[in-house]
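> Provided below are the primary sequence and the corresponding predicted coordinates.
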Amino acid sequence: MSTFDPDALECLAAIVEEGGFERAAQRLSITQSAVSQRLRALEAQVGTVLVVRSRPLKATAAGQLLLKHTKMMRLLRADLERDLRELAPNAARGQRDEDRIAVAINADSIATWALPALTPLIQEGLAIEIIHDDQDFTHEWLREGQVMGCVTSLGQALRGCRLEPLGAMPYAAVASPAFAAEALQGRLTPYNFHRVPFIAFNRKDDLQRDFVCQAFGLPRASLKQVYVPSSEGQVRAALAGWGVTAVPRPLVASLLQSGQLLDVAPDHDYRVPLYWHCWNLASDVLDGLSRALRQGAAQALAPL
């Protein structure tokens, strides 16, 4: 098997992660011409194109394999750094920007329990890059090798990965009291949900529809939706009277208690199961990530 130049591999990763040659050059502190030369040399060694020059720029199947290999090497370096720190705690070491450990976490977990769970690892010096997406799509980042682990609603283990159940996130459909009184006469029903706007995360987000279908026993539902790509932003939009939104109950617990928001479907218990997937590798760093997320989820989520 060929031995690949680590600088060329990190160059490929920088091109894909930064979305272009110019930003990759800035990150690596080299010229854009040098970035192109390193990529061409790597493509010549592999014998195939590694990057599709499109908008957005994408890695080919071969490029994704090399990206995964590059991230595995980052993980090995992170494990080595951790071991060396234990042997010589006073030795000065610097972690390179490209050695960040990338994980994909759904936005609702980021807004509630995931960041407190990861804080001790950050305080220990682990560099983490969090990529956010809808919980139904975070596993695609792992499948493509762009992250080392993900929090997702997918309950089936991916090839080459291990799976751990985390718990179930409870959701509440909320609106401002004024909006609820005027548009819903106080609560959501099978007869009025189609008349009001729902605040969804983005166009891939089916959670609002799923909530309505489960609440009212419908096979499908058509909703009027506006889009706010942030869990906290959805809450602020509801406070401003934009409409109804189903959001994590822990995120709005204090607002419900204070009366700033109203639960417009109080009889409905809607929960989304969450799972942690990560590469099935022997790694202290991955084990530490898994343990931190497992413990954080146990404190914040309902049991599955």
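That came in fine, so what should we check first?
> what about the helices in this structure?
For the chain, the helices defined by DSSP state H cover 6-18, 21-28, 32-46, 61-87, 107-112, 114-123, 138-143, 177-184, 207-216, 231-239, 249-258, 284-300.
> Mind giving me the packing neighbours of the third one?
Contacts defined by 3 or more CB pairs under 8 Å, 6 or more residues apart in numbering; DSSP states H and E place helix 32-46 against helix 6-18, helix 21-28, helix 61-87. Quick note: C-beta positions are derived from backbone N, CA and C, even for glycine.
> ok, now how distant is the residue most central in space within the chain from I131?
Compute the mean C-alpha point of the chain, and by CA atoms, centre = their mean the closest residue is I105, 2.5 Å away. As judged by CB to CB, to the nearest Å, I105 and I131 stand 8 Å apart.
> Between the two, which contacts overlap?
T138 (CB atoms under 8 Å, 6 or more residues apart in numbering).
> Please identify which of the helices and strands packed on helix 32-46 is closest to A173.
helix 6-18 (36.7 Å; CB to CB).
> and the angle from the helix or strand of the chain with the lowest mean pLDDT to helix 284-300?
Lowest mean confidence among the helices and strands of the chain (mean pLDDT, DSSP states H and E): helix 61-87, at a mean of 78. Helix 61-87 and helix 284-300 are oriented at 90 degrees to each other (axes from the mean of the first three to the mean of the last three CA atoms, to 10 degrees).
> For the longest strand along the chain, buried residues please.
The longest strand of the chain (DSSP state E) is strand 161-175. Within strand 161-175, the residues that qualify as buried are C161, L163, L166, G167, A168, M169, Y171, A172, A173, V174, A175, counting by 16 or more other CB atoms under 10 Å.
> and which of the residues you listed is nearest T189?
Nearest to T189 among these, counting by CB to CB, is A173 at 11.6 Å.
> Let me know how buried V35 is, in neighbour terms.
A total of 24 residues lie near V35 under the criterion other CB atoms under 10 Å.
> With L12 as the reference, measure out to it.
Counting by CB to CB, the gap from V35 to L12 is 10 Å.
> and the helices and strands packed on helix 32-46 as a markdown table, adding mean neighbour count and distance to Q208?
Output for the helices and strands packed on helix 32-46, formatted as a markdown table (neighbours: other CB atoms under 10 Å; distance: least, CB to CB, whole Å):
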| stretch | mean neighbour count | distance to Q208 |
| --- | --- | --- |
| helix 6-18 | 21 | 31 |
| helix 21-28 | 18 | 35 |
| helix 61-87 | 16 | 32 |
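> Just put these in JSON lines and tack on distance to Q234.
Shown next, in JSON lines, are the helices and strands packed on helix 32-46 (distance: least, CB to CB, whole Å):
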{"stretch": "helix 6-18", "distance to Q234": "28"}
{"stretch": "helix 21-28", "distance to Q234": "30"}
{"stretch": "helix 61-87", "distance to Q234": "31"}
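> closest to V228 out of those?
helix 6-18 (25.9 Å).
> for the closest one, packing partners?
Short answer (3+ CB pairs under 8 Å, 6+ apart): helix 6-18 packs on helix 21-28, helix 32-46, strand 51-52, strand 58-59, helix 61-87.
> Pull out the C-alpha coordinates of it and format them as CSV.
Extracted in CSV, the C-alpha atoms of helix 6-18 (Å, rounded to 0.1, in the frame of the first residue of the first chain):
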residue,chain,number,x,y,z
PRO,A,6,0.5,13.7,5.6
ASP,A,7,0.7,17.3,4.4
ALA,A,8,-1.0,16.4,1.2
LEU,A,9,-3.8,14.6,3.1
GLU,A,10,-4.3,17.6,5.4
CYS,A,11,-4.4,19.7,2.3
LEU,A,12,-7.2,17.6,0.8
ALA,A,13,-9.1,17.8,4.1
ALA,A,14,-8.6,21.6,4.3
ILE,A,15,-10.0,22.0,0.7
VAL,A,16,-13.1,20.0,1.6
GLU,A,17,-13.6,21.3,5.1
GLU,A,18,-13.1,25.0,4.1
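> Let me know the angle separating that helix from helix 32-46.
For helix 6-18 against helix 32-46, the angle between stretch directions is 110 degrees (the same axes, to 10 degrees).
> what about helix 6-18, distance to the chain center?
Offset of helix 6-18 from its chain centre (CA atoms, centre = their mean, to the nearest Å): 21 Å.
> can you check stretch 114-124 too?
Its chain's average C-alpha position is 15 Å from that of stretch 114-124, according to CA atoms, centre = their mean.
> got the buried residues for that stretch?
For stretch 114-124, by 16+ other CB under 10 Å, it's A114, A117, L118, L121.
> got the contact list for the residue nearest to L75 when sequence neighbours are not counted?
Nearest residue to L75, sequence neighbours excluded (CB to CB, 6 or more residues apart in numbering): S283, at 5.5 Å. Listed by CB under 8 Å, 6+ apart, the contact set of S283 reads L75, L76, A78, D79.
> This completes my enquiry, with thanks.
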